[in-house]
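*Asks:* Everything below, folded, please.
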Amino acid sequence: MSSSATRVRPSATTTGRVPAGRARPRRTARLEPLLWLGPALLLIGGIVLWPVVEMVLTSLREISRTGVPRGWAGADNFSALLDHPELVPVIGRTIVWVAGIVAVTVALSLGLAQLLHARFPGRRLVRWALIVPWAASLVMTAIVWRWMLSYFYGITNRVLTDLGVIDSPRDWLGDPTIALLWMMWVGVFVSLPFTTYVLLAGLQTVPDEVHEAARVDGASRWRTYWSVVFPLLKPALLVATVINVINVFNSFPIIWAMTRGGPGNATDTTTTFMYKLAFVDQSVGQSAAMAVVNFLMVVVMVLLYLRAVRWKEIG
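*Replies:* Modelled structure (predicted):
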């Protein structure tokens, strides 16, 4: 038989086709990450997404005082919420609450992180001590501060009176403005450890060569920090700020344990106001509508912050 008569079967490499037996493993390999991500996705869907869906659906329903759905209400719950006389003051107070606590916390944490990054005797003990406010229960911490600020037996009045700062005991939690400031301080107090440790972790990632190069160029410590170290802290600062905004925005225990949003609604934020709508006014639909508004406010504030710091350029 001549060579010209011999026909050679085209192989997979010459035709560009992949055998079916090989194609299936490749397709399976593409789906393999879903097996690893599946449990996490189910957890996110069950704990995060499904409650959000239920929250939105509840806000669009008419709910009885006993919690039984009576049918669709459309936008009636949102209309009633917008007509509520306390809504605008509560939202304004919430913005002040979040902005004040986060700004002061970040500013103080920058200094504390720099201090704890330096070497000094007892540094490990100081680092451990800083964890205490964060490790303790928020409710317990708030109750302790409420006792300290009590008009009748609070140690704050006793100390300030003995030092001559005030002439007579004051009802610190009875004045809405002063009560809000004290609660904001407690919010800063419990937020400092987490924020400080995040920024401290960021400082520890800055190479020593950066400081050495700045010293060789003749830069002062202050100049080195703001021009060299601080820009490298932006990723850690971004994480700390965003998480603080979310936590402080949804902070319920501090306000409820110290003043219950009082006197009246004078120290309410969106979280305590939402609680009162559901369990005091027994308006579950309006409370769900307030929850939707609260959720959107958190998303908007985080997005505005990310836009302000140009988060895509960080890293």
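*Asks:* Now do the SS call for residue 238.
*Replies:* State at residue 238, reduced to three classes by DSSP: H, G, I helix; E, B strand; the rest coil: helix.
*Asks:* mind listing the strands for this structure?
*Replies:* Secondary structure of the chain, counting by DSSP state E: strands at 61-63, 69-72.
*Asks:* what's in contact with stretch 301-313?
*Replies:* Defining contact as Cβ atoms under 8 Å, 6 or more residues apart in numbering, one finds that stretch 301-313 is touched by 98, 234, 238, 241, 242, 245, 246, 249. The C-beta positions use only the backbone N, C-alpha and C, and glycine is treated the same way.
*Asks:* Without its sequence neighbours, what residue ends up closest to the fifth one?
*Replies:* Nearest residue to residue 242, sequence neighbours excluded (Cβ to Cβ, 6 or more residues apart in numbering): residue 302, at 5.7 Å.
*Asks:* Just give me the neighbour total for the one you found.
*Replies:* Residue 302 sits with 17 neighbouring residues when counted by other Cβ atoms under 10 Å.
*Asks:* Kindly report the same for residue 274.
*Replies:* 21.
*Asks:* Repeat that for residue 259.
*Replies:* For residue 259, using other Cβ under 10 Å, the count is 23.
*Asks:* Residue 239 now?
*Replies:* Count around residue 239 with other Cβ under 10 Å applied: 15.
*Asks:* Please name the residues that touch it.
*Replies:* Contacts of residue 239 by Cβ under 8 Å, 6+ apart are residue 198.
*Asks:* confidence score at it?
*Replies:* In this model, residue 239 is scored at 90, pLDDT.
*Asks:* Also residue 19?
*Replies:* Reported pLDDT for residue 19: 54.
*Asks:* what do you get for residue 127?
*Replies:* 85.
*Asks:* ok, it - contacts?
*Replies:* residue 116.
*Asks:* And for residue 84?
*Replies:* Residue 84 neighbours (Cβ under 8 Å, 6+ apart): residue 286.
*Asks:* if I look at it, how far off is residue 162?
*Replies:* 45 Å (Cβ to Cβ, to the nearest Å).
*Asks:* and if you look at residue 38?
*Replies:* 63 Å.
*Asks:* Same check on residue 274?
*Replies:* For residue 274 relative to residue 162 (Cβ to Cβ), the value is 41 Å.
*Asks:* Check residue 106 too.
*Replies:* Where residue 162 is concerned, residue 106 sits at a distance of 34 Å (Cβ to Cβ).
*Asks:* cool, and residue 223?
*Replies:* 44 Å.
*Asks:* Looking at those two, which one has more neighbours?
*Replies:* Neighbour count, other Cβ under 10 Å: between residue 223 and residue 162, residue 223 has more, with 12 against 9.
*Asks:* give me every residue that touches the nearest residue to the more buried one once chain neighbours are set aside.
*Replies:* Spatial nearest neighbour of residue 223, chain neighbours left out: residue 214 (7.6 Å); criterion: Cβ to Cβ, 6+ apart. Neighbour list for residue 214: 223, 224, 227, 228 [criterion: Cβ under 8 Å, 6+ apart].
*Asks:* closest to residue 47 among these?
*Replies:* residue 228 (40.9 Å; Cβ to Cβ).
*Asks:* For the residue lying closest to residue 294 once chain neighbours are set aside, report the pLDDT, please.
*Replies:* Once flanking residues are discounted, residue 294 sits nearest to residue 270: 4.4 Å by Cβ to Cβ, 6+ apart. Looking at residue 270, its pLDDT stands at 93.
*Asks:* these two touch, right, residue 270 and residue 95?
*Replies:* No: assessed by Cβ atoms under 8 Å, residue 270 is found out of contact with residue 95, at 9.7 Å.
*Asks:* more crowded one of the two?
*Replies:* When residue 270 is set against residue 95 and neighbours are counted by other Cβ under 10 Å, the residue ahead is residue 270, at 25 against 15.
*Asks:* residue ranges with poor pLDDT in the stretch 1-150 of the chain?
*Replies:* Applying pLDDT under 70 to the stretch 1-150 of the chain flags residues 1-27.
*Asks:* Alright, calling it a day.
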